[in-house]
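# I would like the atomic coordinates for the input below:
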Amino acid sequence: MTPQEIEALFTRADGSFLCARWGRPIVPVVFGIEDATLPVVKGAIEAVVALAGHRMAETDPELGANLMVFFFRDWAELPQVPNLDRLVPGLAGLCTRLEAEGANQYRAFRFDPDGAIRAAFVFLRMDDHLSAVPAETLALAQAVQIILLWSDRAFAAGAPLVRAGEAVMLRPDIAALIRAAYDPVLSAVAQDRSHALRLAARQ
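Presented below is the predicted three-dimensional model:
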């Protein structure tokens with residue numbers, strides 16, 4: 001992947017560049033799925049975290065769980081979740097907007113004082129489209145999209161996954177980029193476009 005291609009993945013619609021990774025171990029919790037599907041979702045998260053060379057933990061000392069994944073049928077369900085509006089300010093208004101837009105997914109991040117990812121919230125409205133996606137594929141796609149703070153339009157032109165025969169796997173160039181972004185020599189947060197050059201050199 002060229003430095004220009006990498007830069008585009010972290011350049012937001014407003015033209016600003018921002019690349020951030022997790023600064024603490026990831027502690028996931030999943031709501032709204034059957035017990036049989038839970039290992040699939042957590043397995044995908046564990047695989048991407050291992051790929052990055054990052055860590056998982058049993059609990060976050062501050063938040064308990066810092067990666068929350070919600071599966072549901074209607075955006076109106078989320079504001080009914082106790083205390084969720086304290087974790088995601090403006091939740092009711094957000095859900096109203098997403099419902100009006102016909103959105104089926106949304107990701108929100110929280111950050112430590114240094115700008116590293118502190119927590120992430122993944123909301124998946126299981127409409128006909130998402131319901132048709134195999135659980136393994138859906139879980140892997142979400143794990144990839146929370147391991148780094150990608151641009152809001154990073155994967156508009158092409159998904160981070162690729163089909164290999166009957167299996168779906170992470171694109172090799174995206175996998176290499178994730179590993180590079182977690183190089184301990186690099187800062188956890190970068191707002192300078194030259195960071196793309198450093199990532200390209202480490203692929």
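
# show me the contacts for residue 138.
124, 130 (C-beta atoms under 8 Å, 6 or more residues apart in numbering). Where C-beta positions appear, they are placed from N, C-alpha and C, glycine not excepted.

# assign it to helix, strand or coil.
The three-state label given to residue 138 by DSSP: H, G, I helix; E, B strand; the rest coil is helix.

# and it, how far is that from residue 12?
To residue 12, residue 138 is 24 Å away according to C-beta to C-beta, to the nearest Å.

# what do you get for residue 29?
Distance, residue 29 to residue 12, using C-beta to C-beta: 28 Å.

# likewise for residue 150?
Distance from residue 150 to residue 12, by C-beta to C-beta: 9 Å.

# what about the two, which has more around it?
With neighbours defined as other C-beta atoms under 10 Å, residue 150 and residue 12 compare such that residue 150 has more, 21 against 14.

# how about that one, nearest residue that isn't a chain neighbour?
Nearest residue to residue 150 in three dimensions, chain neighbours excluded: residue 9, at 5.9 Å (C-beta to C-beta, 6 or more residues apart in numbering).

# mind telling me what element the most centrally placed residue in the chain is part of?
Note on the chain: the residue nearest the mean C-alpha position is residue 146, at 1.5 Å, using C-alpha atoms, centre = their mean. Using DSSP states H and E, the element containing residue 146 is helix 135-147.

# against which helices or strands is the helix or strand following that helix packed?
Following helix 135-147 in sequence order, the next helix or strand is strand 161-164 (DSSP H and E). Contact analysis of strand 161-164 by 3 or more C-beta pairs under 8 Å, 6 or more residues apart in numbering; DSSP states H and E lists helix 135-147, strand 167-170 as its packing neighbours.

# what does strand 161-164 contact?
Residues contacting strand 161-164 (C-beta under 8 Å, 6+ apart): 137, 140-141, 144, 168-171.

# only the buried residues of it, if you could.
Residues residue 161 are the ones in strand 161-164 that count as buried (16 or more other C-beta atoms under 10 Å).
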